[in-house]
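[1] build me a model from this:
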Amino acid sequence: MQLVRGVFNECIQAGEILSLDEAFRAKVAAAGGGAPPNAESRQE
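    Now for the predicted structure:
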């Protein structure tokens, strides 16, 4: 899941930098929001 989260984040950042397809970026952000947290970010 970390790989998918990374790809989603890079896609969103690239779209922001290039000012492209805000609607698509919103869909990617929403889809990435349902991914489980990274192991490093889990609180124990």
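[2] check the burial of L3 by counting its neighbours.
    By other CB atoms under 10 Å, the residues close to L3 number 7. Where C-beta positions appear, they are placed from N, C-alpha and C, glycine not excepted.
[3] where does L20 land in three-state SS?
    coil (DSSP: H, G, I helix; E, B strand; the rest coil).
[4] just the helices in this structure please.
    Here the chain has its helices, by DSSP state H, at 2-18, 22-32.
[5] export those helices to a markdown table and tack on mean pLDDT?
    Conversion of the helices of the chain to a markdown table gives the following (pLDDT from 0 to 100):
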| stretch | mean pLDDT |
| --- | --- |
| helix 2-18 | 91 |
| helix 22-32 | 90 |
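[6] enumerate the positions of stretch 12-25 that are buried.
    By neighbour count on 16 or more other CB atoms under 10 Å, the buried set for stretch 12-25 is 12, 15, 25.
[7] looking at those, which is nearest G32?
    Of all the buried residues of stretch 12-25, G32 sits closest to I12, with 7.9 Å by CB to CB.
[8] confirm for me that that closest one is in contact with A26.
    No - checked against CB atoms under 8 Å, the pair I12 and A26 is beyond contact range at 9.1 Å.
[9] ok, A29 - how many residues close by?
    A29: 14 surrounding residues under other CB under 10 Å.
[10] contacts only, for it.
    8, 12 (CB atoms under 8 Å, 6 or more residues apart in numbering).
[11] could you rerun that using 10 Å?
    8-9, 11-12, 15 (CB atoms under 10 Å, 6 or more residues apart in numbering).
[12] now those as TSV including distance to A31?
    Converted to TSV, these look like this (distance: CB to CB, whole Å):
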residue	distance to A31
F8	7
N9	12
C11	10
I12	11
G15	14
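[13] of those, just say which sits nearest to M1.
    Set against M1, the nearest of the contacts of A29 by CB to CB is F8 (10.2 Å).
[14] what number of residues lie near that closest one?
    If you count neighbours by other CB under 10 Å, F8 ends up with 18.
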